[in-house]
Every structure is written in C-alpha cells, then in structure tokens.
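Asks: Got a predicted structure plus its sequence, pasted below:
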Amino acid sequence: MTQQGIIRVRDLVFKRGDRYIYDRVSLDIPEGKITAVMGPSGCGKTTLLRLIGGQLTPDAGSVYVRDAEVHKLNRDSLFQLRRNIGTLFQSGALFTDMSVFENVAFPLRVHTNLPEDMIRDLVLLKLEAVGLRGAYKLMPSELSGGMSRRVALARAVSLDPQIVMYDEPFTGQDPISMGVLLSLVRKLNDTLGLTSIIISHDLHETFGIADYVFLFADARIIAQGTPEELQTMHSPLVKQFVSGLPDGPVNFHYKSDGLDVDLLGRANV
C-alpha cells in the first residue's frame, strides 16, 4: 500500500524467547476499510492486535494509531486511546454474571459519565443494530454461540470507536450465524465509518468481506493485496494457504530427528 494508514507499523520486531514472531515488519491499515490479517496458526496474528492495543511492547520498531506511538503513551493517554478501539475477542468474553444489557452497558459506565437513562438508550440502540434488543434481559448462559458473538459485537461498538479489532469472530459458528456476523461486520463498518481489522482462519468468508489482506508466515508479510489479487498469486506458500493444501512450504511434521532415532532409543525423551 502506498498511502499511510490510520494504523502504521514500522520495522516491528517482537520475539518470544529466541523465536521471532515479527522480524522488521512494516504495514499500513487503511482508514474506513476492512483489513484481514491471516496466516498459519502460531504466526502471531493475535499478537499484532495486542501490540496495537498496547497490551504488549515490541522489542524494536513502532506502532502508531493516527499520530500516537502506542508504546510511548503514558497510562492515561493509553486508556484514552483504547476508548477508540473496540475489540471482539475469540470467545466473545461476555461477563457471565451480567445480563446482556449489563454487558453492553459496562464500557459506557467505565469510560463515560453519562446519565443512566442515556446509557439505557444507547445500549438498546446497539442491541437493535445487532438484532438482539429483545434479548436484553437474558444471561450469557441463555444465549446461543452466534447470539453471544453478536452481543459481544454490540459491546465492542458501544463507545462508537474508530477502530474495531475482531479476533477469530467466526470460529465455531453455524452457517446461519456465520452469515449474520459477516453481514453485521460489513454493515457496521460501512454505516459507522469504522476501520476494521479481522483475524481469521475462515478464508472464504473473510475474503468475501475484506477490502485488503495481509498474509503472514515466517515472522514476515509474505503477501498482501485484495482478496482477488491473493487468489491469483503464484507463490507456493500463498497458494498452499489460499487453497488449504496439506503439502507445501508449511510442513505437516514438526522439525525433528529421523523416526529411527526415536524408535531405536537414541533420542532423549
């Protein structure tokens, strides 16, 4: 991408022990679009969201949200930044002892001083947007998986954030729930003028709504472009991921000595 984005990552290095998760990665996430971050399991996709939100600190390089360098912000400034970033977690992460209404109201009560009648109206409006206003009295244990994810989405946008980060939003959803969530992500992004970042393994569904895709592997970006562009690339690794092939640059077997070494008892187990 040539334009600078609302989120800018520059020469990012992040390691866990001696293993590089990111090795001098740079990227721009455009404003007002849906950007997908994809790649093999364990390549650090969720880690990127945590670096953007300031939960993790890079070993080198920088992450900017607009003009703010995230990891140089003081506590109050970081708290303010996070008000403008909504997050939909992998599990939905609803508070199990709170009703649907109270879950969606929670960020409004923590981050604002709005009167209770205004909070009530805002919560009902957010629930209406995800089709669950009638479920406001229910507890999380009474919700289906798809409903839980939609309540979590209502909570993620309760503060009208500029950015929404989705961490595996479609995992475990039946086809109907998947279709509802896909429609909601696209509709909310376009209606509210959001910038959306989606971490997902659901390639076909994500390609259907993403405007741009970054494909990660081996601690770097191996491909980027529109979904249509990625599907026509000739890179073996891109082809393996896009086509879901078991054989290719990503090995089925974890690196090890020969099988005979283990079977003949010469390996330390």
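Replies: Structure's in. What do you need?

Asks: Mind giving me the packing neighbours of the longest helix seen in the chain?
Replies: In the chain, ranked by residue count with DSSP state H as the criterion, the top helix is helix 175-192. Judged by 3 or more Cβ pairs under 8 Å, 6 or more residues apart in numbering; DSSP states H and E, helix 175-192 is in contact with strand 34-38, helix 145-156, strand 163-167, strand 195-199, helix 203-209. Quick note: C-beta positions are derived from backbone N, CA and C, even for glycine.

Asks: mind running it again at 10 Å?
Replies: Packing partners of helix 175-192 (3 or more Cβ pairs under 10 Å, 6 or more residues apart in numbering; DSSP states H and E): strand 34-38, strand 85-88, helix 116-129, helix 145-156, strand 163-167, strand 195-199, helix 203-209.

Asks: Turn these into a markdown table, columns for mean neighbour count.
Replies: As requested, the helices and strands packed on helix 175-192 are exported to a markdown table (neighbours: other Cβ atoms under 10 Å):
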| stretch | mean neighbour count |
| --- | --- |
| strand 34-38 | 24 |
| strand 85-88 | 23 |
| helix 116-129 | 16 |
| helix 145-156 | 23 |
| strand 163-167 | 23 |
| strand 195-199 | 24 |
| helix 203-209 | 17 |
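
Asks: any chance of those in TSV, with distance to residue 226 and mean pLDDT too?
Replies: Below are those laid out as TSV (distance: least, Cβ to Cβ, whole Å; pLDDT from 0 to 100):
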stretch	distance to residue 226	mean pLDDT
strand 34-38	10	94
strand 85-88	23	90
helix 116-129	28	94
helix 145-156	25	89
strand 163-167	19	93
strand 195-199	14	95
helix 203-209	9	88
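
Asks: Any chance of the ones you listed in CSV with distance to residue 234 as columns?
Replies: Shown next, in CSV, are these (distance: least, Cβ to Cβ, whole Å):
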stretch, distance to residue 234
strand 34-38, 18
strand 85-88, 34
helix 116-129, 42
helix 145-156, 36
strand 163-167, 30
strand 195-199, 25
helix 203-209, 18
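
Asks: Now the longest helix of the chain: buried residues?
Replies: By 16 or more other Cβ atoms under 10 Å, the buried positions in helix 175-192 come out as 177-178, 180-182, 184-186, 188-189.

Asks: Also stretch 7-16?
Replies: 7-10, 12, 14.

Asks: what's the average pLDDT for it?
Replies: Averaged across stretch 7-16, pLDDT comes to 95.

Asks: From the buried residues of stretch 7-16, which land in strands?
Replies: Residues of the buried residues of stretch 7-16 located in strands (DSSP state E): 7-10, 12, 14.

Asks: isn't residue 23 right next to residue 220, touching?
Replies: Yes - with contact defined as Cβ atoms under 10 Å, residue 23 counts as touching residue 220 (5.9 Å).

Asks: So for the two, which residue has more residues nearby?
Replies: residue 23 (16 against 12; other Cβ atoms under 10 Å).

Asks: quick one: buried residues of the helix or strand hosting the more buried one?
Replies: Using DSSP states H and E, residue 23 sits in strand 19-29. Within strand 19-29, the residues that count as buried by 16+ other Cβ under 10 Å are 20-23, 25, 27-29.
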